[in-house]
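[1] got a predicted structure plus its sequence, pasted below:
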Amino acid sequence: MPVPRYDLEDRLINFAVQICLLTDRFPSTPIARHVSTQITRSGTSPFANYGEAQAAESRQDFVHKLKVCLKELRETQAWLKFVERMNLCPEHIEAARSECGELVAIFVVSVRTAAGKM
């Protein structure tokens, strides 16, 4: 049986939705509002940057846009660790951390592969 392919853009959009739903559960405190703004920005950015990568003007531009996705995912990963340590949403954090880790791994390999073809 063939392995089902997934659409990376859809996966990134689903991750962004997951981050938004997570931040909606944060308490209404000054620090939670600050963290919510930061993690929402970094967690929703990768799908938009990936869309830009699909229209890259060159291989170098493509690699650059993939690196931006990776940078934003790593920032989100750091914020998720902070959210966990601050106990802002303990019952929903593990799934987001797991998906973020998988996406980071995918983009590390993608950047390496694309850069190797330059």
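    Looks like it came in fine.
[2] by residue count, which helix of this structure is the longest?
    helix 59-86 (DSSP state H).
[3] spatially central, which residue of this structure would that be?
    The centroid of the chain falls nearest to Leu73 when counting by C-alpha atoms, centre = their mean (3.8 Å).
[4] quick one: that one and Phe107 touch, right?
    Yes - assessed by C-beta atoms under 8 Å, Leu73 is found in contact with Phe107 at 6.2 Å. Yep, even glycine has a C-beta here, placed from its N, CA and C like the rest.
[5] just to revisit the earlier point, give me the mean pLDDT for the helix or strand following the longest helix of the chain.
    Next in sequence after helix 59-86, counting helices and strands by DSSP states H and E, comes helix 93-116. Helix 93-116 carries an average pLDDT of 95.
[6] now swap in stretch 26-33 and tell me
    96.
[7] circling back to that earlier point, which residues touch the residue nearest to the centre of the chain?
    Neighbour list for Leu73: 42, 46, 100, 103-104, 107 [criterion: C-beta atoms under 8 Å, 6 or more residues apart in numbering].
[8] turn the residues you listed into TSV, including neighbour count and distance to Phe62.
    Listed next are those as TSV, based on neighbours: other C-beta atoms under 10 Å; distance: C-beta to C-beta, whole Å:
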residue	neighbour count	distance to Phe62
Ser42	21	21
Pro46	31	15
Cys100	24	22
Leu103	22	18
Val104	17	18
Phe107	23	12
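[9] from those residues, which is closest to Pro30?
    Relative to Pro30, the closest of these is Ser42; by C-beta to C-beta it sits at 19.3 Å.
[10] in which helix or strand would I find that closest one?
    Per DSSP H and E: helix 30-54 holds Ser42.
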